[in-house]
Structures are given as structure tokens and as C-alpha cells.
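**Student:** here is a sequence with its predicted model. Questions after.
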Amino acid sequence: MEQNIDLTKLSDSDKKELNQVLTNEAQKSNIQQTVHHLNEVCWQKCITSKISSGALDKSEEVCAQNCVERWMDSSLAILSKLDNMRH
Amino acid sequence: MSSLFGSSSAVPQTSEEIKAAVMRQLQQEAAMANARSLIGKINKHCFQACVPTPGSSLSSKENTCLSSCMEKYIAMWNVTSKTYIARVGAETKRMGGQDAAAIASMAAGQPEGGSGILG
């Protein structure tokens, strides 16, 4: 799979394209990491009763959605307060 | 352009083949890293939830709990991901195209990676 790939043989246009793909993958990975972090936070807040089934029940699902939305609200609020402090 | 993915054993020679090989490897490694994170989190939270007092072996009750917990964690991951991505899309639009995911990742305490908001 990873045998001697000679990157110097890449054409300029393919280099450019790969660069774009890499940027996209980095962004995707960044988003996934945030989702991992968020899911962990929200799991602790929303899954409080004994685990009796593999499915999310309705209240857990709503809690998870609210958790994500309010987390976003909080981060944006904090960042805008920090931004204000600079002025 | 034609026989790109045919013989994966051959050493990629042309620019086209090299590009395809790099992309394939990139995507595989990204998927692997994501899976590793997920497995780690599942293990952490489900062990905590399902095995409060470790005995000399896993009981069948603990085993059942672990598989339910795993399913639940993944189900919740999907909800979280969907909700988060929708919100980031809305915020990005609201901020006139500024990358809201990069901003949110600061709040998640992640080191800035790839396309940063400041760069």
C-alpha cells in the first residue's frame, strides 16, 4: 500500500488538487474531533439513567440536541465576551 | 484515467496514480483515527456505566449493558454530529462565510489544526 510513492512525479495540477483534498480532510477531522468532544460532554449530561436499550429514547435525543445547541451558544457567547474585552 | 484502482499492488507511476494512492491512504488513515477516537470514548463511558464494581469476570448483565451502551453511544454520536453540523452551517452563514467549525473547535479546547481561523 505505501510502497515508494514518488511524490516528485506529481504534476502541478495534481499537487494543487491534493492540497485541496488535504485541507478538506483536515477540516473534516477537526469537525469530527469537536463532535467527539461534544458527544462526551452531552453523554454525561443526558444519559443519566441505567442503560437498558441500545436505542436513544426520545427524551435523550432531545437532550442531546439541546446540549449541542446550548454548547454552541455558550462557546459563541464566551468568545464574543473575550472579543469585547480586547476593545 | 481508466485503470486507476485496478491493480493496487503495482507501484503508482503516473501523476494520476500517485494522486489516487495518496488520497486513498489519506482517507484510510482519517477513518482509522476517527474510529480509534470513537472506540476509546465508548470504552471509557461504557465501562464506567456498565461495570461499576469489577468482579472476577464480566457478568452477562454487564455484557448486555456494554452492547446496549455501545449502540446508544453511536446513536448519540450521530445525533450530535447532525445537530452540530447543521448549527455550524447556520453560524457560518450568519457570520458571512467565516468558518464556524474552526471557532467552535477552539471552545472544545483543540489545538488549531489545518485551516485555522486566523490564517
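**Tutor:** Cool, the structure landed.
**Student:** from here on, contacts and neighbour counts on C-alpha atoms
**Tutor:** OK.
**Student:** can you pull out the helices in chain B?
**Tutor:** Using DSSP state H, the helices of chain B run over B:15-50, B:60-94, B:100-107.
**Student:** mean neighbour count, those: which tops it?
**Tutor:** helix B:100-107 (a mean of 21; mean count of other Cα atoms under 10 Å in any protein chain shown).
**Student:** may I have it as PDB, with CA atoms only?
**Tutor:** The C-alpha trace of helix B:100-107 is given here as PDB (Å, rounded to 0.1, in the frame of the first residue of the first chain):
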ATOM      1  CA  ALA B 100     -17.700  28.500  12.500                       C
ATOM      2  CA  ALA B 101     -16.300  25.000  13.000                       C
ATOM      3  CA  ALA B 102     -12.800  26.300  13.400                       C
ATOM      4  CA  ILE B 103     -14.200  28.800  16.000                       C
ATOM      5  CA  ALA B 104     -16.100  26.100  17.900                       C
ATOM      6  CA  SER B 105     -13.100  23.800  17.900                       C
ATOM      7  CA  MET B 106     -11.300  26.500  20.000                       C
ATOM      8  CA  ALA B 107     -14.100  26.100  22.500                       C
END
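**Student:** show me what that helix is packed up against.
**Tutor:** helix A:12-46, helix A:58-85, helix B:60-94 (3 or more Cα pairs under 8 Å, 6 or more residues apart in numbering or on different chains; DSSP states H and E).
**Student:** since that was my last question, I'll sign off now.
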